[in-house]
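Student: A predicted structure for the sequence below; I have some questions about it.
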Amino acid sequence: MINGVGAIGRVAALLVAVAAGVSASTSAMTKEPLAKDLFGSMKLPAVSKPQSFGFYSRGCFAGGVAIATDGPTWQAMRLSRNRRWGHPAMIKLIEKLSRDAVADGWPGLLLGDISQPRGGPMLTGHASHQIGLDADIWFTPMPDHRLTPQERENMSAVSLIKKGTHFVDDRLWTPAHEALLKRAASYSEVERVLVNPGIKKKLCDTVTGDRSWLRKIRPFWGHDYHFHVRIGCQPGSNGCKKQDATPNDDGCGKPLAWWFTEEPWRPNKNPDAPKARDVMTMASLPKQCRAVLDAPAPESEAAVTLGSMGITTAAAPSAEPADPDPGPLPVNAYTSPLKQQAPVPQPRPKNNNR
Ligand SMILES: [Zn+2]
């Protein structure tokens, strides 16, 4: 009996300790809101001249535009996430890639996540995609019919990697996949295209002729049912931190071989450790991101959406004969009809440029 009471007492003491621990961590969290909650609740972009602040995995952006849910050569997936936003250069590039891919024989693009309206860390998924310069594109070709919103939520992509291996499933891989990746890598603004190591290996083993574009194709975990296009910091974004240049070779040697060792696939020793997004507050982001959060929104999503509602993009088929520079976009958050004067985020001081 005494033992029994003692056990109950210990359990009670433990419960008190657990409750105290929970309330302590909650108050620590509520004191300073998490950046993912602030940016994750933004429905529209910051009206401003387009600018990215910080790094792909730690930043935000202003002056974003959305790609339409549907265009002649693309359909956007997972619409409920509201991640069809990017720097105008990124959105313009996706639209161009979709047209070029169709000309190459690909049926059209299924678009995955780009960024939240003002970027920043996300509630779920992606460590990067924070500054409007990253986009995921499915390896699944666009179907020949308009998907319903429900299909766009539920349809699952097909992995190109053979189950239980790190190699491409040869029953699924086609020359059209190679052509699509080559096209994506062909644009000067694209710095990296992330794919599963098995896909990189397939390209290394099979691409003939010009192999220079393989330099931009980078192996990474995941990326077996979609690839990830990353463009560089854009002109006018002094607060955007560049990533290191890729080595000047095809990347098919030693660095790729590492992915086919056991090391990269070891189970995470500490799977419950908080991810960066679970601790990042506004203090973790460039200070301009506060102004990005506070900036006014455009009057509507349609006003800053490209490729729909009769808004034509810079290089629409009706454009004049081949213009090497399609010029500025006809619409972006900066040119929105909003009358209110938009506060433009302050540039970073020079001594804080990294
Ligand atoms: Zn991605």
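Tutor: Alright, I've got the coordinates.
Student: Quick one: residues contacting the most centrally placed residue in the chain.
Tutor: Centroid-nearest residue in the chain, with C-alpha atoms, centre = their mean: residue 129, separated by 3.2 Å. Residue 129 makes contacts with 56, 83, 113, 114, 115, 119, 122, 135, 136, as judged by C-beta atoms under 8 Å, 6 or more residues apart in numbering. In short, each C-beta sits where N, CA and C put it, glycine included.
Student: can we see that at 7 Å?
Tutor: The contact partners of residue 129, by C-beta atoms under 7 Å, 6 or more residues apart in numbering, come to 113, 114, 115, 122.
Student: Where do the helices of the stretch 1-150 of the chain begin and end?
Tutor: For the stretch 1-150 of the chain, the helices defined by DSSP state H, counting those that start in this stretch occupy 2-31, 35-40, 88-104, 149-154.
Student: Around the closest residue to the ion within the stretch 251-354 of the chain, count how many other residues there are.
Tutor: Closest approach between the stretch 251-354 of the chain and the ion, counting by C-beta to the ion: residue 277, at 14.3 Å. Residues near residue 277, counting by other C-beta atoms under 10 Å, number 23.
Student: tell me the contacts of it?
Tutor: 36, 121, 122 are the contacts of residue 277 under C-beta under 7 Å, 6+ apart.
Student: So which of the residues you listed is surrounded by the most neighbours?
Tutor: residue 121 (30 neighbours).
Student: From residue 54, how far out is that residue?
Tutor: Residue 121 is 11 Å from residue 54, where distance means C-beta to C-beta, to the nearest Å.
Student: Least reliable of the helices of the stretch 1-150 of the chain by average pLDDT, please.
Tutor: Lowest mean pLDDT of the helices of the stretch 1-150 of the chain: helix 2-31, a mean of 43.
Student: so where's this protein shaky on pLDDT?
Tutor: For the chain, the stretches flagged by pLDDT under 70 are 1-30, 308-354.
Student: For the ion, what's the nearest residue on it?
Tutor: The nearest approach of the chain to the ion comes at residue 228, 3.6 Å away (C-beta to the ion).
Student: so where does that residue fall, helix or strand?
Tutor: Assessed by DSSP states H and E, residue 228 sits inside strand 226-231.
Student: How about the residues of this protein by the ion?
Tutor: Neighbours of the ion within the chain, by C-beta under 5 Å from the ion: 136, 228.
Student: at 6 Å what do you get?
Tutor: Contact residues (C-beta under 6 Å from the ion) of the chain with the ion: 126, 129, 134, 136, 228.
Student: Show me what the third one is bridged to.
Tutor: Bridge pairing for residue 134 (DSSP bridges) gives the partners residue 230.
Student: Tell me which helix or strand residue 200 sits in.
Tutor: helix 197-206.
Student: just the angle between the strand holding residue 228 and helix 88-104, please?
Tutor: Between strand 226-231 and helix 88-104, the angle comes out at 130 degrees (axes from the mean of the first three to the mean of the last three C-alpha atoms, to 10 degrees).
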